[in-house]
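Engineer: what shape does this take:
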Amino acid sequence: MKSEPDVYSIDDLKKEGQTLWDGVRNYQARNFLRQMKVGDLCFFYHSNLTPPAIVGLMKVIQSNVVDPTQFDSNSPYYDSKSKLDAPRWQTVIVDFVKVFPNMIPLTTLKQLFNPEELLLIRKGNRLSVMPIEEKIAQKILSLVDISGEI
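Structural biologist: Numbering: from 1, shown residues only. The predicted structure follows:
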């Protein structure tokens, strides 16, 4: 799951403890959010860093939550076509798990994985939420010294 650090950072999540992951307005990313289950671990990716990198970990604590920003006309995420009785945008609530002691830069991910293994490195991919297979996630976690902490 991606966020720019100047919008919402891993440090913001650490301070708050948990957050509603609101504002996703891409249907494919929304569909991935709809598939998430309570207990799923999620990598926190900062795209607007130099270099872009995975910076930490969070956990889904509530799934299939209606994103309230779609109904708020003052929100940049307002969707005039979404109705209270038929919301178009669902999301999750996540809990802070860990800031990684060492970020995992995009350049490293590109060296270790191919685009079929990791959507993040697929050319032209701009999704803010995407799934990662268990074996790929384990390999990513092995790059960070957090054994026994999750």
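Engineer: most residues in a single strand of the protein, which one?
Structural biologist: The strand that spans the most residues within the chain, counting by DSSP state E, is strand 90-105.
Engineer: report the buried residues of the helix or strand that that strand is followed by.
Structural biologist: Going down the chain from strand 90-105, the next helix or strand is helix 106-112, by DSSP states H and E. Neighbour-count burial for helix 106-112 flags Leu106, Thr108, Leu109 (criterion: 16 or more other Cβ atoms under 10 Å). Quick note: C-beta positions are derived from backbone N, CA and C, even for glycine.
Engineer: just to revisit the earlier point, and the longest strand of the chain, what does it pack against?
Structural biologist: Applying 3 or more Cβ pairs under 8 Å, 6 or more residues apart in numbering; DSSP states H and E, we find strand 90-105 packed against helix 10-16, strand 18-20, helix 27-35, strand 41-46, strand 53-66.
Engineer: TSV for the ones you listed, including mean neighbour count?
Structural biologist: Shown next, in TSV, are the helices and strands packed on strand 90-105 (neighbours: other Cβ atoms under 10 Å):
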stretch	mean neighbour count
helix 10-16	15
strand 18-20	15
helix 27-35	15
strand 41-46	21
strand 53-66	19
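Engineer: for this protein, what are the low-confidence residue spans?
Structural biologist: Residue ranges of the chain with pLDDT under 70: 146-150.
Engineer: give me phi/psi at the residue lying farthest from the centre of the chain?
Structural biologist: Here the chain reaches farthest from its C-alpha mean at Asp85, the gap being 26.7 Å by Cα atoms, centre = their mean. For Asp85, the backbone dihedrals (degrees, to the nearest 10) come out as phi -80, psi 0.
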